[in-house]
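[1] predicted model follows, preceded by the sequence.
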Amino acid sequence: MRGWILPPPIEPIKTKQQFEAERVAKVTWLIQHEFLKSDRIKDALLKVPREDFIPENYRDYAYLEVPFPLPGERATISCPHSYPLFYEPLGLDRGDRFLEIGLGSGYGAAIAREVVGPEGLVVSIEIDPLTFEYAKGNLERAGYSDIVLVNGDGGLGHPEFSPFDKIAITAACVAIPPPLIDQLKIGGRLISPVIKADVQDLVLYEKDSEGVQRLTICEVLYVSLRGIYGA
Ligand SMILES: C[S@@+](CC[C@H](N)C(=O)[O-])C[C@H]1O[C@@H](n2cnc3c(N)ncnc32)[C@H](O)[C@@H]1O
């Protein structure tokens, strides 16, 4: 059976200093395991307190490689390694216009906001209203007021702010929703878990003037995309 074993919910007791030490240790681990290479992504992972994006009774496990459940239907905050796993092949960088499908906890959007900097743009779409409100609260408390947050079906993208340099779909789909390919710049990249029989591949797409090139990165396990292009 593929999946994760959740540790039991507990009252959080860890201090800010303990979380900081765990965050530094996690970043060292991500570098050693070759998930993390770029300085901008590294600095973002060191800056954003992941524990502030996790429901209280799982907060003390913030830096474990486990996806924790969030308010809403089938929503999770992904494992810590998932963020460099997606953002490194995307080449997420300063100044990018970035679209995330699947806001979840808001943590991935906060990391992206730090990476793209003030000259870039982050738009994130979440389909589940409960999850959306949870993420919005997390981001407000963390001081991120400049991320465009949308409660809706991310399969449709966000034409108003397109074209995007980079797009990450953080839920598994059978095929990439066509509006997202349309809203990607020529030279832009999109990354997504893609369902293939009973497994999922993380696939990187690059759009050029001829069409879209595809590169499979590794096997992954994500919640399924909902909405009109849902799995
Ligand atoms: C693995 S979680 C996202 C983790 C998130 N990026 C984070 O950092 O916490 C996948 C999310 O995609 C959302 N989702 C599923 N289908 C969607 C759709 N069509 N449009 C927008 N969000 C969707 C789920 O509700 C869930 O919150």
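    Alright, I've got the coordinates.

[2] who touches the closest residue to D52 other than its chain neighbours in this structure?
    Counting by CB to CB, 6 or more residues apart in numbering, A142 is the residue found nearest to D52 once chain neighbours are left out, at 5.7 Å. The C-beta positions use only the backbone N, C-alpha and C, and glycine is treated the same way. By CB atoms under 8 Å, 6 or more residues apart in numbering, A142 lies in contact with 48-49, 52-53, 106, 110.

[3] and the furthest pair within those residues?
    P49 and G106 (11.8 Å; CB to CB).

[4] which of these two has more neighbours?
    More crowded of P49 and G106, by other CB atoms under 10 Å: G106, with 31 against 16.

[5] ok, is the longest strand seen in the chain in contact with the ligand or not?
    The single longest strand within the chain, with elements called by DSSP state E, is strand 184-196. No. Strand 184-196 lies out of reach of the ligand by CB under 6 Å from any ligand atom, never closer than 8.9 Å.

[6] identify each buried residue in that strand, please.
    184, 188-195 (16 or more other CB atoms under 10 Å).

[7] and the next element down the chain from that strand?
    Tracing the chain C-terminally past strand 184-196 and defining elements by DSSP states H and E, one meets strand 199-208 next.

[8] can you get me a residue count around the closest residue to L180 other than its chain neighbours?
    Leaving aside its chain neighbours, L180 sits nearest to G157 (5.1 Å; criterion: CB to CB, 6+ apart). Neighbourhood size, G157 [other CB under 10 Å]: 26.
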